[in-house]
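Visitor: Kindly generate the corresponding structure for this input.
(chains A and B)
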Protein chains: 2
Amino acid sequence: MKKVKAVAIVSGGMDSAVLAYDLADQLGGSFLHILSFNYGQRHAVELNAAEEIARRLNAKWSLVDLRGLGSLLPGSSLTDPAIDVPEGHYAAESMKATVVPNRNAIMLSVAFGVAFADGAISVGAGFHAGDHHIYPDCRPGFVSAFSDMQSVALQDLGRPAPLLYTPFLYLHKSEIVRIGHRLQVPFGITWSCYKGGDKHCARCGTCVERKEAFADAATPDPTEYAEG
Amino acid sequence: MKKVKAVAIVSGGMDSAVLAYDLADQLGGSFLHILSFNYGQRHAVELNAAEEIARRLNAKWSLVDLRGLGSLLPGSSLTDPAIDVPEGHYAAESMKATVVPNRNAIMLSVAFGVAFADGAISVGAGFHAGDHHIYPDCRPGFVSAFSDMQSVALQDLGRPAPLLYTPFLYLHKSEIVRIGHRLQVPFGITWSCYKGGDKHCARCGTCVERKEAFADAATPDPTEYAEG
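Guide: As a prediction, this is how the structure comes out:
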């Protein structure tokens, strides 16, 4: 087993798939440790996509089981079957129902622990400009504050703290699609829909955003939608 | 069920037991949600102490199961049966073998998510001056950076981000013992020993520190040690 150089958080969605291909392009896939998280999300089907991406890149893949947190972090439509997934535009206020409290701080903290144990130099995450409106834990201010925190939390332990790598932080989703197209990302196997059915629903916020991104990038959309 | 006002991370050791009694003294025990973490530590016996403390305070208790992280965070004697728990003084360099990479960032991130979901105003942690030398994620700089990160990560979600409450940050363990003595903390049920046997071993770093704290505080030590 070669030494891991980077850990990447990959949900199985489009953005983190492009991130994984970007890191594999830079380092070689076998230097990559892909982490995916099961936090009880109803669209856990995305995890199959993450595993397949790791397989295609010849990267190590680990699934972190945080299902035990589900009952402690109620109130999100992504994890609570009693709350409907909102439909409409991804940036609409109604999308706040999809916030899982502190999800990204939790996932990143775990990823930094794993990266430090691996001796990796960076932790990659696919945050992008389209996330900023609804999710405070995807914004540049969060990325900066989280990086600062980690450089303190892992100091004086004999090797440098990994750095947080977020190459898409100021990009829009259509720009990420263009980068992914160049890197030959298999978008057809990625999963976005929050509803977690057999096909993409085409109506929840993340499906609307997905369709828009391919259209704006003027790139073929390989997604099979349930309607339209 | 009354509304939770504070979440406290309680390991079952002395410091976090005093923290729980301090918060219960301020708020009433029924306004407290005590979180304990199973991360595969060999001294998981401490979790029984945490549960008993919650029961005595009439506080809500939740055990967060992070055992799935164990194999992803190797290299610590606390979680890896192949690495011996070092003996000697708690502040010695050899104690670095007890570092679990990024443990406190992971536990605090989960606790902030739970506190936010609970509508709690604070997250309590028992960090103290004796931890600063070996563990970077117990130092004032970490507490400050972590607090800053959380205030950004949970902004604009309709209610304030909880604050991090670390009343013992600059105190030595003997001072915490004195506070606990005043609050009638049942130190006899708390657990420190990293080795996780039937009795405290009296020789690992945290046992040495425990004995010293009671001696320095000139307070009776109710601990049953395996020797001496």
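
Visitor: all contacts plus neighbour counts: C-alpha atoms, from now on.
Guide: Will do.

Visitor: So, low pLDDT: which residues of chain A?
Guide: A:1-2, A:77, A:90-92, A:95, A:228 (pLDDT under 70).

Visitor: what does it put close to chain B?
Guide: Proximity of chain A to chain B, by CA under 8 Å from any CA of the partner chain, involves residues A:64-66, A:68-69, A:72-75, A:96, A:101-103, A:105-106, A:109-110, A:112-114, A:116-117, A:136-137, A:141-142, A:145-146, A:148-149, A:152-157.

Visitor: For PyMOL, write the selection for the buried entries among those.
Guide: Buried residues among the residues of chain A next to chain B (16 or more other CA atoms under 10 Å in any protein chain shown), as a PyMOL selection:
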select buried, chain A and resi 64+65+66+69+72+73+74+75+96+101+102+103+105+106+109+110+112+113+114+116+117+136+137+142+145+146+148+149+152+153+154
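
Visitor: Which of the residues of chain A next to chain B fall within helices?
Guide: A:103, A:105-106, A:109-110, A:112-114, A:116-117, A:141-142, A:145-146, A:148-149, A:152-153 (DSSP state H).

Visitor: all helices of chain A, in order?
Guide: Using DSSP H, helices in chain A cover A:14-27, A:46-57, A:103-118, A:140-153, A:173-182, A:205-217.

Visitor: Would you mind finding the most buried of those?
Guide: helix A:103-118 (a mean of 24; mean count of other CA atoms under 10 Å in any protein chain shown).

Visitor: so how far is that helix from its chain's centroid?
Guide: Remark: helix A:103-118 is offset 13 Å from the chain centroid, using CA atoms, centre = their mean, to the nearest Å.

Visitor: what's that helix in contact with?
Guide: A:3-9, A:35, A:37, A:121-123, A:137-138, A:146, A:150, A:161-162, B:72-75, B:101-103, B:105-106, B:109-110, B:113, B:153 (CA atoms under 8 Å, 6 or more residues apart in numbering or on different chains).

Visitor: again, only this time at 6 Å
Guide: A:Val7, B:Leu72, B:Leu73, B:Pro101, B:Asn102, B:Ala105, B:Ile106, B:Ser109, B:Val110 (CA atoms under 6 Å, 6 or more residues apart in numbering or on different chains).

Visitor: Identify the residue nearest the second one in space, chain neighbours excluded?
Guide: So that's B:Leu72. A:Val114 (5.8 Å; CA to CA, 6 or more residues apart in numbering or on different chains).

Visitor: A:Asp198: neighbouring residues, count only.
Guide: With neighbours defined by other CA atoms under 10 Å in any protein chain shown, the count for A:Asp198 comes to 11.

Visitor: Check A:Ala226 too.
Guide: 12.

Visitor: Contacts only, for it.
Guide: A:Ala226 neighbours (CA under 6 Å, 6+ apart): A:Lys199, A:His200, A:Cys201.

Visitor: if I pick the last one, what's in contact with it?
Guide: Just to be clear, that refers to A:Cys201. A:Tyr225, A:Ala226.

Visitor: A:Ile121 against A:Pro162, yeah?
Guide: Yes. Between A:Ile121 and A:Pro162 there is a contact at 4.5 Å, judged by CA atoms under 6 Å.

Visitor: how far away is A:His33 from chain B?
Guide: 11 Å (CA to the nearest CA, to the nearest Å).

Visitor: From what I see, that residue and A:Ser62 are in contact.
Guide: No. Judged on CA under 6 Å, A:His33 makes no contact with A:Ser62 at a distance of 7.5 Å.

Visitor: Find the residues that touch each one of these two.
Guide: In contact with both A:His33 and A:Ser62: no residue, using CA under 6 Å, 6+ apart.

Visitor: Compare neighbour counts for those two and give me the winner.
Guide: Taking neighbours as other CA under 10 Å, A:His33 and A:Ser62 compare with A:His33 leading, 28 against 16.
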